[in-house]
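Chemist: turn this into a structure:
(2 chains)
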Amino acid sequence: MQDHLPPGIAMVKCENLEEWQMDIKVLDQNPLYQDQTYRLKFTFSNKYPIEPPEVQFIQCAESTGTPRSIPIHPHIYSNGIICLDLLGSSGWSPVQNVESICMSLQSMLTANTRDERPAGDQEFVATNRRRIRDINFVYEDDNV
Amino acid sequence: MNLEEFLAMEESREQDELIDLRGLDFVSEYDSHLMCPICHCPFVDPVHLQCDHVFCGSCLSSAITTFRSADSDDFPCPSCRVPAKEISTSVPRLLINMCDEIRVRCPLLTEGCQEIIPRGHVQSHVEKYCGYRLVPCPDDSCDKMMRSNDVGIKTKCMHAVRFCSRCEENVVEQDFEEHESKLCPVLEVSCAHCLTVVTRGELDAHVELCPEVAIPCSASKYACPVKIRRPDIKYHEQICPLVAMGPYFEGQNARLNSLELGMRHLQQRNEIFEDGLANIRSTLVESTRVNSNSHNNRSSGQSGRDQQPRTRSESTPDDSEDLATSIFSSTANSYLLSLHESLREQVGQLSHAITDLDARASMTIMNESLRLKEDMALTNAAMNSVRMQVQWLMNPRLHQAPRGTVRANNTEGTRTQLDSSASTAGPSTTSAQSLGFLRPRRSSDTGREGTKL
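Modeler: Model (predicted):
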């Protein structure tokens, strides 16, 4: 989609128009995410870009050669699901694209100073069986 | 215009849009500013909002239907989220021209149209000028489509079936020309090898027989490199040594095949045997010590039992000594073989010894019985002579017996004794006559006769 990606963003897998994988890095000196690379999975519906894609962080095992973990953030659950209004149908705009989502997530990570998971993380991870688009997040925190 | 009018207008426009302008193959580069931020294609029927953001009309209408909160008359701009009420279709002419100038390939590329045209002309090109678009057949009775290129040249229906008078086949009008000039089997063609003119249908059969076609020698599978004209091949085959040797080669091949088969069979059997041998070896190697010890005991016991010559009983310990040394031989295989051999040898020795012993025993028995027989004959003879003497001695007494019964009664004990000895040699007439009153004794005599036999 883009020939020249911004720094810290790299395409990993984009063979079809259903699922893409991207690697993102936080470029500044935030100690929480320094020298770390995170893997994002985009799942597009056939209504994209009118509808937002499903975006979540995924883990990659050490054996794959590119170990990836889930970044620690008060709005990112330990199963990789991201609570961000941009990715919900209310905050989404069709002018957004994969590149702009990656950049938003980069800035979301770099602005964070709290080394914690969202409240009720364990319960959510254990009980959530819904698809990401069906989760009704309440975007109560505007600070991060 | 407001949102409602815009949506209604877009809906009516979508219906008469035939060509997907976003799916076109763009040939020339275009500026990213000409790209709709929603569909990422050059603007198609652009509209602009009050905030000066421009979108394709259809992109914006789908965004509005998705994101507008119910029945409100405004809508947040997808780019800047500023609420917009009015949508203007009067975009600067410059923008529209730039978008329409972008060069694209004709969408009928799959049909064969190679033309590259400005995007603005695509609609009219496909509708009017493209020679590859499909139009209805000029014949009203035919409901098929045909390329517009062909319509101008031929005014009749190209889908009618036409009869080829030469090959007596039905061919569709569209393909008739090609059939007539190239494919008809009655058409005459010349053979590429001998220049003979034959019909197309017979060409394949002709090539099979054509004298000019170079064919390989029949011994080519045995590496004869010759490949010459059909008539010459016969002469070649008469002199070709490989052809002459052909049957022999075939026989050899057959033999090789059967040998290979046999060898595979033998290999399989060998594997089975080796497996069995390995099993035996593994069980034997553990118990070799025990085995050899018990073997020693057995051989010594047997040598004592069967009265063998001294040499035999001495040789058995030697054997077991050989055995003990061979246990430590490096190859267990040869050890097993030697073990087997020594065992077999011992079995042979044993059977020899047994027959020997048998003969010996029967000889001694015979000797013994002969001796006994002689003794018995001697005893018999002596007994006979004794009896005769006794009879001779007894006769005068018996003659005296009728004279005095008292005397006879006194001698009864002696008489019975004598009678018994006489009866063994056969009852004498004299005793039977003289001892007529002693009949009950005869029963015991008959019993004696039975034992004598």
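Chemist: where does chain A dip in pLDDT?
Modeler: The model of chain A has pLDDT under 70 over residues A:1-3, A:130-144.
Chemist: quick check, central residue of it?
Modeler: The residue lying closest to the centre of chain A (C-alpha atoms, centre = their mean) is A:Gln56, at 4.4 Å.
Chemist: contacting residues around the residue nearest to it when sequence neighbours are not counted?
Modeler: Of all residues not flanking A:Gln56 in the chain, A:Gly80 sits nearest, at 4.3 Å (C-beta to C-beta, 6 or more residues apart in numbering or on different chains). The C-beta positions use only the backbone N, C-alpha and C, and glycine is treated the same way. When contacts are counted by C-beta atoms under 8 Å, 6 or more residues apart in numbering or on different chains, A:Gly80 touches A:Lys41, A:Gln56, A:Phe57, A:Ile58, A:Gln59, A:Ile70.
Chemist: can you do 6 Å?
Modeler: Contacts for A:Gly80 were tallied using C-beta atoms under 6 Å, 6 or more residues apart in numbering or on different chains; they are A:Gln56, A:Phe57, A:Ile58, A:Ile70.
Chemist: cool, A:Ile82 as well?
Modeler: By C-beta under 6 Å, 6+ apart, the contact set of A:Ile82 is A:Ile76.
Chemist: any idea how far it is from B:Ser385?
Modeler: 143 Å (C-beta to C-beta, to the nearest Å).
Chemist: near chain A, which residues of the stretch 1-150 of chain B show up?
Modeler: The stretch 1-150 of chain B has residues B:Pro37, B:Ile38, B:Ser62, B:Ala63, B:Thr66, B:Pro78, B:Ser79 near chain A, with proximity defined as C-beta under 6 Å from any C-beta of the partner chain.
Chemist: wait, the last one sits on A:Val95?
Modeler: Yes - counting by C-beta atoms under 6 Å, A:Val95 is a contact partner of B:Ser79 at 4.9 Å.
Chemist: may I see the buried residues of whichever helix or strand B:Met146 is part of?
Modeler: Per DSSP states H and E, B:Met146 falls inside strand B:145-147. Neighbour counts using 16 or more other C-beta atoms under 10 Å in any protein chain shown place B:Met146, B:Arg147 of strand B:145-147 among the buried residues.
Chemist: can you tell me the SS state at the residue in the stretch 351-453 of chain B positioned nearest to chain A?
Modeler: Closest to chain A within the stretch 351-453 of chain B is B:Ser351: 72.0 Å, counting by C-beta to the nearest C-beta. Three-state call for B:Ser351 (DSSP: H, G, I helix; E, B strand; the rest coil): helix.
Chemist: for the residue of chain A positioned farthest from its centre, what are phi and psi?
Modeler: Centroid-distance maximum for chain A: A:Ser63 at 22.5 Å, with C-alpha atoms, centre = their mean. When read as degrees, to the nearest 10, the backbone of A:Ser63 gives phi -70, psi -20.
Chemist: repeat for B:Leu209
Modeler: Torsion angles, degrees, to the nearest 10, at B:Leu209: phi -110, psi -10.
Chemist: residues near it, how many?
Modeler: A count of neighbours around B:Leu209, defined by other C-beta atoms under 10 Å in any protein chain shown, yields 8.
Chemist: now it: closest residue in space, sequence neighbours ignored.
Modeler: Distances taken as C-beta to C-beta, 6+ apart place B:Arg230 nearest to B:Leu209, at 7.7 Å, with adjacent residues excluded.
Chemist: do B:Glu115 as well
Modeler: B:Cys106 (4.7 Å).
Chemist: hmm, the one you found is touching B:Cys113, no?
Modeler: Yes - B:Cys106 is within contact range of B:Cys113, at 4.3 Å (criterion: C-beta under 6 Å).
Chemist: who has more neighbours out of those two?
Modeler: B:Cys106 (24 against 21).
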